[in-house]
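[1] here is the input, now give the coordinates:
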Amino acid sequence: MTRTAISSRRRLGLLREADFRRLCAATALGQLGDRIVFLALPLVAITALKADEFQVGLLTTMTTAGSLLVGLPAGAWVDRMRKRTVMIGTDLARALVLLTLPVAWWAQLLTIRWLYTVALVHGVLTVFFDVAHVSYLPHLVGRGNLMEGNAKLSAIRSVTSISGPGIAGPMVGWLGAPVTLLASSVGMALSGVLAAGITKRERKPAEPSRRPRLGREIKEGLAFVLRHAGLRAIILGDATFNLFLVMYQAMLLVFLEREIGLESFGIGIILSGMGCGALVGALVATRVSRWIGPGPVIWLAPLVTCPPTAVMAVARPGWSVCGAAVGLAALSLGGVVRVVAQSSFQQALAPDRLLGRVSATARFVSWGGIPLGGLLGGTLGSVFGAATTLTIGAAGMTLSAVPTFLSPIRAMRTVPQEEAGAAAVR
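    The predicted model follows:
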């Protein structure tokens, strides 16, 4: 084999595996649909239903309430099933739920309550999908390839973060936000079909020696996460970051549409710029983690990349918005680098039988405050205005670096392996 061929094989890595390519394709289509939802769903409320700031914040809350409602039991249920089957089923179900929005719009039946209901159901299904997706990766690629697998999947998500708003913005302007959601439905349906084509089957979870009890299973996953100082610090930092991020995001579209005067195409361009930052983050995540270690990455990323998001609050119509958009791109870059390191840490640490519960527990704790973030964002936006809310959100996201900086993983140079590594971070 020539040196060029060897170099090419190294660059491709996991992409040489057909099943991983199918997972990547499914992830791309599902994430594309999700990115369109991220832009189009609030714009349905803002432009089509003329929702006020509090209603937009409440919609954000309904979108993310699934983590709080089913976050812990989702992990126990997913651990009882094949993860690939859960991914397929939830993708198809999400496609059907989203399809009701353009249908209701055409029938002139769409209301803000309908929008809330769809956001809640879609969010609950997304919890199950995400838990299964994170838990399935170690089965598909092996624990030794987790950093590479997470980085490549993050790169795909980043590309869709660029293309999704770029596609959704013109579609919203041309077809209207409700009809644009039809594209999201199609993307998620195709994602489910591609996931069904993955040939590698994970083993069916072993039947428990005694009748499974949901409470006992949830407690086991919760205990595993909470007894490890590294995992505790990660999820506390995530909880802080996500609370203020959602507060920030709840008012970002309102600020751009009503105070800057951008239309859907311009908003799509801003969000695509965030996707560019995320793509750069995905491309450098593995290299940065190897260079300074996954531990320092986890606390340095928010400390360095969150403060520039405050620039958006002082932006005015014109070129200053472009400068503020650079801060959003930096936020996305740092977020992806941090998440790749955190996900690899979490997946490597958890034994196979607890993957779903560890993932769901971490998600429940770190995402539990997201619904509150939507309400806080809407309330603060109504009282103080969108710009002040963006400033508060930027400050809070920066403070999310504190828990991990004060934890034993602050200087960790390598990702631990299952129980042995877990003991090292108590």
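[2] and the helices in the stretch 301-426 of the chain, which stretches?
    Along the stretch 301-426 of the chain, counting by DSSP state H, counting those that start in this stretch, helices occupy 320-349, 355-367, 370-384, 386-399, 402-405, 418-424.
[3] most tightly surrounded among the ones you listed?
    Among the helices of the stretch 301-426 of the chain, helix 355-367 has the highest mean neighbour count (mean count of other Cβ atoms under 10 Å), at a mean of 26. Where C-beta positions appear, they are placed from N, C-alpha and C, glycine not excepted.
[4] just want the angle from that one to helix 370-384.
    Taking axes from the mean of the first three to the mean of the last three Cα atoms, to 10 degrees, helix 355-367 and helix 370-384 form an angle of 20 degrees between their directions.
[5] circling back to that earlier point, closest one to residue 86 among the helices of the stretch 301-426 of the chain?
    Judged by Cβ to Cβ, the one of the helices of the stretch 301-426 of the chain that comes nearest to residue 86 is helix 355-367, at 8.9 Å.
[6] pLDDT weak spots in the stretch 101-250 of the chain?
    For the stretch 101-250 of the chain, applying pLDDT under 70 flags the ranges 161-166, 168-169, 173, 205-212, 214.
[7] about what we covered before: in CSV, list the helices of the stretch 301-426 of the chain along with distance to residue 81 and mean pLDDT.
    Formatted as CSV, the helices of the stretch 301-426 of the chain follow (distance: least, Cβ to Cβ, whole Å; pLDDT from 0 to 100):
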stretch, distance to residue 81, mean pLDDT
helix 320-349, 18, 85
helix 355-367, 9, 76
helix 370-384, 25, 83
helix 386-399, 35, 94
helix 402-405, 32, 92
helix 418-424, 22, 43
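[8] nearest to residue 239, of those?
    Residue 239 sits nearest to helix 355-367 of all the helices of the stretch 301-426 of the chain, at 4.7 Å, using Cβ to Cβ.
[9] how long is stretch 253-267 from one end to the other?
    Taking Cα to Cα, to the nearest Å as the measure, stretch 253-267 stretches 7 Å from start to finish.
[10] mind listing what's buried in it?
    Across stretch 253-267, burial judged by 16 or more other Cβ atoms under 10 Å covers 253, 254, 255, 256, 257, 259, 260, 262, 264, 265, 266, 267.
[11] thought residue 303 was touching residue 401?
    Yes - counting by Cβ atoms under 8 Å, residue 303 does reach residue 401; the two are 4.1 Å apart.
[12] any idea which helix or strand carries the spatially most central residue of the chain?
    In the chain, the C-alpha nearest the mean C-alpha coordinate belongs to residue 130, at 8.4 Å (Cα atoms, centre = their mean). Taking DSSP states H and E as the definition, residue 130 sits inside helix 112-141.
[13] quick one, that helix and helix 320-349 angle?
    Going by the same axes, to 10 degrees, helix 112-141 makes 50 degrees with helix 320-349.
[14] output the contacting helices and strands for helix 112-141.
    The contact analysis (3 or more Cβ pairs under 8 Å, 6 or more residues apart in numbering; DSSP states H and E) places helix 112-141 against helix 18-43, helix 53-64, helix 66-79, helix 83-106, helix 146-175, helix 320-349, helix 355-367.
[15] list the buried ones in that helix?
    112, 114-116, 118-141.
[16] how far off centre is that helix?
    Computed by Cα atoms, centre = their mean, to the nearest Å, the chain-centroid distance of helix 112-141 equals 10 Å.
[17] got it, and stretch 350-360?
    Relative to its chain's centre, stretch 350-360 lies at 18 Å (Cα atoms, centre = their mean).
[18] point out the most buried one among the helices and strands packed on helix 112-141.
    Mean neighbour count (mean count of other Cβ under 10 Å) peaks for helix 355-367 among those, with a mean of 26.
[19] relative to helix 83-106, how tilted is that helix?
    Going by the same axes, to 10 degrees, helix 355-367 makes 50 degrees with helix 83-106.
[20] packing partners of helix 355-367?
    Packing contacts for helix 355-367, counted by 3+ Cβ pairs under 8 Å, 6+ apart, involve helix 66-79, helix 112-141, helix 214-226, helix 229-254, helix 320-349.
[21] what residues does the shortest one touch?
    Judged by Cβ atoms under 8 Å, 6 or more residues apart in numbering, the contacts made with helix 214-226 from elsewhere in the structure are 72-73, 75-77, 79, 231-232, 235, 350, 354, 356-358, 360-362, 365.
[22] how about the first one?
    Taking Cβ under 8 Å, 6+ apart as the criterion, the residues outside helix 66-79 that touch it are 86, 120, 123-128, 131-132, 135, 205, 212, 214, 217-218, 221-222, 353-361, 363-364, 367-368, 370-371.
[23] give me the average confidence score over it.
    For helix 66-79, the mean per-residue pLDDT is 78.
[24] in CSV, could you pull the C-alpha coordinates for it?
    Taking C-alpha atoms only, helix 66-79 is exported to CSV below (Å, rounded to 0.1, in the frame of the first residue of the first chain):
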residue,chain,number,x,y,z
GLY,A,66,-39.2,16.8,27.7
SER,A,67,-35.8,16.5,29.5
LEU,A,68,-37.4,17.4,32.8
LEU,A,69,-40.5,15.3,32.3
VAL,A,70,-39.0,12.0,31.0
GLY,A,71,-35.2,12.5,31.3
LEU,A,72,-34.6,10.0,34.1
PRO,A,73,-37.0,7.2,33.0
ALA,A,74,-35.9,7.5,29.4
GLY,A,75,-32.5,6.1,30.2
ALA,A,76,-33.9,3.1,32.0
TRP,A,77,-36.3,2.3,29.2
VAL,A,78,-33.7,2.8,26.5
ASP,A,79,-31.3,0.4,28.4
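[25] and that helix with helix 370-384, angle?
    170 degrees.
[26] ok, now the second one?
    Angle, helix 112-141 to helix 370-384, by the same axes, to 10 degrees: 140 degrees.
[27] next: the fourth one.
    If you take the same axes, to 10 degrees, helix 229-254 sits at 40 degrees to helix 370-384.
[28] if anything else comes up later, I'll come back, but that's it for now.
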